[in-house]
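**Q** My questions are about this predicted structure, shown below with the sequence.
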Amino acid sequence: MSTEGKPYHWWQTGVVYQIYPRSFQDSNGDGIGDLAGIILRMDYLKDTLGVDAIWLSPFYPSPMADFGYDIADYCDVDPMFGDLATFDRLVAEAHRRGLKVIVDYVPNHTSDQHAWFVESRASRQSPKRDWYIWRDPKPDGSPPNNWGGFFGGPAWTLDPATGQYYLHQFVPEQPELNWRNPDVVRAMLDVLRFWMRRGVDGFRMDVVGLLIKDAELRDNPPNPNAPAGLPPNDIFGRQLHTYSEDQDEVHDLIRQIRCTLDEFPDRVGIGELWGDLPRWVKYYGEHGDELQLPFNFRLMHLPWKAEAMQASVDALEAALPPFGWPNYVLSNHDQPRFASRYGGQAQARVAAMLLLSLRGTPTVYYGDELGLENGLIPPHKIQDPQGVNLGAHRTRDVARTPMQWDARPQAGFSSVEPWLPVTSDFEVRNVAAQLQDPSSVLTLYRRLIAVRRGSRALQVGSYRALEAGVPGVFAFVREVDGERVVAALNFNAEPVQVALPGFGAGQIVVSTSGREGEVATADLTLAPHEGLLMTL
Ligand code: NOJ
């Protein structure tokens, strides 16, 4: 594959880093992270870690029923996080360092405190009534259909004053906008323009597959494969989402969103999407006219098995349209930490190598570069509505604990007790300690990101899986213009001898276990849970 003369976009060659602002750095001593805190850590992001773009989860005014995904004003900053002037400073500080800034766009629902919903709810005659999805009760007074909410309970709440139900597939405080109303579309596209004018380089778009619902709001069918043991209130988990997700008409809206992004140069649209491959791939648009990066969460849900990971990557590569650029995500603020999910620190190191050497844009979740594991959240400290409603084992708080900067009290995150407890290992697992340790997971991330930055093959080269000849090994080659990088990842807890076809002698450029600089040959021994990147 030759790339000579082919221009690539920053969102193709770069590494994205997700910041959960509440948990990154508190600058004003209220126990909650803020925008000024992120500015304080900008050198860490750019110089220490070396990422290319940051994505900020919501920092907009919000009653925090869903920790900022319930937005009361799309065009402002919650005082808890700062103000617009601080946001402008953040963008300037990022851009000065060559870092791109991606913000969260939550188009499917607002907060029930948003002025639009307050007006909509005021009366059936309100000019904004149709901005949300209101329906009469069934004759017996029950909700208009059987849909359940992601966080438990029905997806409808009755407004007694006006006698109608409104739709919310998350908490009742998150009423859903009616994107079939052109005024809503106009207002929401203007939100994108507002932030692009302030300099943001792109958007991560929350649950975009939900924007349009079935025109008749038909009942969802039961899910024959629903897991056993769901709590009684998990109506959502017992249904297929046939009429509430990924409706064909959504693509017209995504094209309008993309046209709006294209009013400004080189902005990126990243979508949170969950459908199976055939449904998911449609979000690139038939002509590449929808999202540049529909988030690919497939590896996140797989067991720690080389064969499963490879099958997923191969299937993705095969499904992509010629203009479709891949991307990979191993964790985010909604999932347990992968150091816990994949089995431990050794697995987390191999996972980091996988994420940062596959073909496609990697998104790194804050704290994963330290190998952060799930936080232990005492039941009375659970805050996430998913955990509160569906049980402690479902709480997403475990992946939202404060960033661990150093061994000071509260891990250097805050001067007071933070909104969620700092993970108990912070005295040893923190940025300052890991920077001093050549074998730390942070050192590994820094090396992987630096090597990726210096390698066209890793940034834009082709991907081809290699037959390693032993179970439990995922090996592949990345190649461009004569430059080749081979990755060999041992998912086994035992050492393995691999024989890589067509591989002469090479040099190990990154190793999860300190073998950089060694010469590697076609017959290669990999230690338990060892990953190697080799140049040929
Ligand atoms: C997806 C977000 O990632 C999640 O945190 C949020 O709760 C829901 N969408 C609702 O906005």
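**A** Noted; the coordinates are in hand.

**Q** and stretch 47-65, which residues are buried?
**A** Along stretch 47-65, these residues count as buried under the neighbour rule (16 or more other CB atoms under 10 Å): 49-62, 64-65. The C-beta positions use only the backbone N, C-alpha and C, and glycine is treated the same way.

**Q** do stretch 474-482 as well
**A** Buried-residue list, stretch 474-482, by 16+ other CB under 10 Å: F474, A475, F476, V477, R478, E479, V480.

**Q** between those residues, which is nearest the ligand?
**A** F474 (27.8 Å; CB to the nearest ligand atom).

**Q** my read is the closest one is in a helix, agree?
**A** No. Judged by DSSP: H, G, I helix; E, B strand; the rest coil, F474 forms no part of a helix; its state is strand.

**Q** Look at it and report its pLDDT.
**A** pLDDT, F474: 98.

**Q** Which pLDDT value belongs to the residue nearest to it when sequence neighbours are not counted?
**A** Leaving aside its sequence neighbours, F474 sits nearest to A306 (CB to CB, 6 or more residues apart in numbering; 4.1 Å). A306 is assigned 98 on the pLDDT scale.

**Q** can you pull the contacts of H251?
**A** Counting by CB atoms under 8 Å, 6 or more residues apart in numbering, H251 makes contact with K282, Y283, G285, E290.

**Q** With R121 instead?
**A** So R121 contacts D112, Y132, D159, A161, T162, Y166 (CB under 8 Å, 6+ apart).

**Q** can you redo these as a markdown table with secondary structure and distance to M42?
**A** Shown next, in a markdown table, are the contacts of R121 (DSSP: H, G, I helix; E, B strand; the rest coil; distance: CB to CB, whole Å):
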| residue | secondary structure | distance to M42 |
| --- | --- | --- |
| D112 | coil | 35 |
| Y132 | strand | 38 |
| D159 | strand | 45 |
| A161 | coil | 48 |
| T162 | coil | 48 |
| Y166 | strand | 41 |
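
**Q** Of the residues you listed - the most surrounded one?
**A** Y132 (26 neighbours; other CB atoms under 10 Å).

**Q** what are the bridge partners for that one, then?
**A** L177 (DSSP bridges).

**Q** Confirm that V498 sits in a strand.
**A** Yes. Under three-state DSSP, V498 sits within a strand.

**Q** for the contacts of R121, which one is nearest the ligand?
**A** Closest to the ligand, out of all of the contacts of R121 and judged by CB to the nearest ligand atom, is D112, at 13.5 Å.

**Q** from what I can see that closest one touches E173, true?
**A** Yes. D112 lies in contact with E173 (CB atoms under 8 Å); the separation is 4.7 Å.

**Q** Can you tell me how far D437 is from L370?
**A** Distance from D437 to L370, counting by CB to CB, to the nearest Å: 11 Å.

**Q** Tell me which of the two has more neighbours.
**A** Using other CB under 10 Å as the criterion, D437 and L370 rank with L370 on top: 24 against 11.

**Q** Which phi and psi values does the more buried one adopt?
**A** phi -100, psi 0 (degrees, to the nearest 10).

**Q** Would you agree W156 is in contact with Y165?
**A** Yes. W156 lies in contact with Y165 (CB under 8 Å); the separation is 4.1 Å.

**Q** quick check, Y165 in a helix?
**A** No. Using three-state DSSP, the assignment for Y165 is strand, not a helix.

**Q** Tell me the residues on the chain that lie near the ligand, please.
**A** D66, Y69, V106, F170, D206, V207, E272, H333, D334 (CB under 6 Å from any ligand atom).

**Q** Tell me who's in contact with R129.
**A** S120, S123.

**Q** Retrieve the pLDDT associated with it.
**A** Per the predicted model, pLDDT is 98 at R129.

**Q** Would you list the buried entries among the residues of the chain next to the ligand?
**A** By 16+ other CB under 10 Å, these give D66, Y69, V106, F170, D206, V207, E272, H333 as buried.

**Q** before we move on, the earlier item: what do W156 and Y165 both touch?
**A** R135, P143, P144.

**Q** quick one, phi/psi of the residue lying closest to the last one once chain neighbours are set aside?
**A** The spatially closest residue to P144, leaving aside those adjacent along the chain, is R135, at 3.8 Å (CB to CB, 6+ apart). Comment: the main-chain dihedrals of R135 come out as phi -140, psi 150, following degrees, to the nearest 10.

**Q** Repeat that for G275.
**A** For G275, the backbone dihedrals (degrees, to the nearest 10) come out as phi -60, psi 170.

**Q** same deal with V329?
**A** phi -130, psi 130.

**Q** For the ligand, see how far away the closest residue to it other than its chain neighbours is.
**A** Closest residue in space to V329, ignoring its immediate chain neighbours: T363 at 4.9 Å, by CB to CB, 6+ apart. Taken as CB to the nearest ligand atom, to the nearest Å, the spacing of T363 relative to the ligand amounts to 12 Å.

**Q** Could you report the pLDDT at T363?
**A** On the pLDDT scale, T363 gets 98.

**Q** tell me the SS of it?
**A** At T363 the chain is in strand, as set by three-state DSSP.

**Q** Give me the number of neighbouring residues for it.
**A** By other CB under 10 Å, neighbour count at T363 equals 26.

**Q** Could you do the one 3 residues further on as well?
**A** Taking other CB under 10 Å as the criterion, the count of residues near Y366 is 28.

**Q** which phi and psi does the closest residue to it other than its chain neighbours have?
**A** What sits nearest to Y366 in space, not counting adjacent residues and going by CB to CB, 6+ apart, is I19, at 5.4 Å. Here is the backbone geometry of I19 (degrees, to the nearest 10): phi -110, psi 130.
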